[in-house]
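>>> got a sequence here, can you build the structure:
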Amino acid sequence: MKVTHLSEALTPWLGATSHSGLLIWSTNLLALVILLLVFWLIRQWLLPRVQQFLGAYSNSKIGFLAPQLSKFSGRFSMVVCTLLFIAFKEALFLAPQGLFNVLSVVSQGLLIISIGFLLSSLVNIVNAIYEQQPFAKSVPIQSLVQVSKLLIFIVCAILVISLAIDKSPTYILSGFGAIAAVTLLVFKDTILGLVASIQIAANRLLATGDWIQVDAFGADGEVIEVGLNTVRVRNWDNTVTTIPTYKIISTRLKTGAPCKSPVGDGSSAQSTLILILFAY
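Numbering: from 1, shown residues only. Have a look, this model is predicted:
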């Protein structure tokens, strides 16, 4: 006999009719256990085996990706389980059609969010690989990584909203013209930071490890991060100064070669400072 629903496989064991409360609870519980088992198998068994297989050939090259791969495996497992639920929910679970309609919308929204986080993990993996390259410090892409994540989640937000109000994404986009001024105002620093980051990366004006002095912000030390919105500088007294990225383009500053000595070493810092000032 062909089985078209999970409850049909349980009926001979429970000896219950299709309207039995015990059958409904047992079917739904077993279906949930199946999805959790699939999640566990992918998260704890399949993807770690793939990682071990790749590590056997190049452990030194992918060992630094362990944190990113751990997040990727969890998010990939969530995407797979959500897809399985959407595809087979009516063959696995027993519920009124109205509840199925609600769960269909919720699961589709969860799928969009899960895919967004999955793509974010892929961006993190690409960024981690890039940072291992010898030219990564001279051409930082941290700002581009942050912009990529921002665009991913903006698209996901538009899709989730359109799903919730049962409208096409183009309907949501058509309303952006009316709030363009507000959007530009809210994301002013981000847009300015993006433009400045592109200029910094293209012209190699600043890189992680460079010495920088910006009197307007009281910064004098080593650049530790060049981000989309801010540039972080560790000063010689071990304090950290944050400078808006777009200010790097428009503010008078002094920069020099990468710092070779640890912060706090007064003599080495003075030597580096004297050499750079001499160049001016």
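>>> so residue 212 is in which element?
In this structure, residue 212 sits in strand 210-214 according to DSSP states H and E.
>>> I should have written residue 234 there, sorry.
Residue 234 is part of strand 230-235, with elements assigned from DSSP H and E.
>>> equivalent analysis for residue 36, please.
Secondary structure assignment for residue 36, by DSSP H and E: helix 21-40.
>>> quick revisit: the strand holding residue 234 pairs with which strands, parallel or anti?
strand 219-226 (antiparallel), strand 240-244 (antiparallel) (DSSP bridges).
>>> what does the longest one contact?
Okay, so that is strand 219-226. Contact with strand 219-226 is made by 140, 142-143, 197, 200, 206-214, 231-236, 240-241, 243, 245, 259, 263, as judged by C-beta atoms under 8 Å, 6 or more residues apart in numbering. Glycine gets a C-beta too; all of them are placed from N, C-alpha and C.
>>> which elements pack onto the lengthiest helix in the chain?
Using DSSP state H, we find that the single longest helix of the chain is helix 97-131. Using 3 or more C-beta pairs under 8 Å, 6 or more residues apart in numbering; DSSP states H and E, the elements in contact with helix 97-131 are helix 66-92, helix 142-164.
>>> hmm, 10 Å instead?
With contacts taken as 3 or more C-beta pairs under 10 Å, 6 or more residues apart in numbering; DSSP states H and E, helix 97-131 sits against helix 47-62, helix 66-92, helix 142-164.
>>> out of these, which comes closest to residue 132?
Closest of those to residue 132 is helix 47-62, at 8.0 Å (criterion: C-beta to C-beta).
>>> now that closest one: average pLDDT?
Averaging pLDDT along helix 47-62 gives 68.
>>> redo the strands paired with strand 230-235 as JSON lines? Include mean neighbour count, distance to residue 156 and mean pLDDT.
JSON lines is the format used below for the strands paired with strand 230-235 (neighbours: other C-beta atoms under 10 Å; distance: least, C-beta to C-beta, whole Å; pLDDT from 0 to 100):
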{"stretch": "strand 219-226", "mean neighbour count": "20", "distance to residue 156": "26", "mean pLDDT": "87"}
{"stretch": "strand 240-244", "mean neighbour count": "16", "distance to residue 156": "27", "mean pLDDT": "89"}
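>>> tabulate those (CSV), appending distance to residue 157.
Below are the strands paired with strand 230-235 laid out as CSV (distance: least, C-beta to C-beta, whole Å):
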stretch, distance to residue 157
strand 219-226, 26
strand 240-244, 25
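>>> ok, which of the ones you listed comes nearest residue 11?
The nearest among those, by C-beta to C-beta, is strand 219-226 at 61.1 Å.
>>> what residues of the strand holding residue 212 count as buried?
210, 211, 212, 213, 214 (16 or more other C-beta atoms under 10 Å).
>>> correct me if wrong: residue 253 contacts residue 241.
No - assessed by C-beta atoms under 10 Å, residue 253 is found out of contact with residue 241, at 11.9 Å.
>>> give the contact list for residue 84.
34, 35, 38, 39, 92 (C-beta atoms under 10 Å, 6 or more residues apart in numbering).
>>> burial check on the last one, number of neighbours?
Applying other C-beta atoms under 10 Å, we find 19 residues neighbouring residue 92.
>>> that one and residue 25, how far apart?
14 Å (C-beta to C-beta, to the nearest Å).
>>> overlap in contacts of the two?
By C-beta under 10 Å, 6+ apart, no residue touches both residue 92 and residue 25.
>>> re the thing from before, now what about the strand holding residue 234, what contacts it?
Counting by C-beta under 10 Å, 6+ apart, 140, 142-143, 189, 193, 196-197, 200, 206, 208, 210-214, 217-226, 239-248, 259, 263-264 sit against strand 230-235.
>>> may I have it as PDB, with CA atoms only?
The C-alpha trace of strand 230-235 is given here as PDB (Å, rounded to 0.1, in the frame of the first residue of the first chain):
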ATOM      1  CA  THR A 230      34.900  54.200  11.200                       C
ATOM      2  CA  VAL A 231      38.600  53.900  11.200                       C
ATOM      3  CA  ARG A 232      40.000  52.700  14.600                       C
ATOM      4  CA  VAL A 233      43.400  53.800  15.800                       C
ATOM      5  CA  ARG A 234      45.400  52.500  18.700                       C
ATOM      6  CA  ASN A 235      47.300  55.400  20.200                       C
END
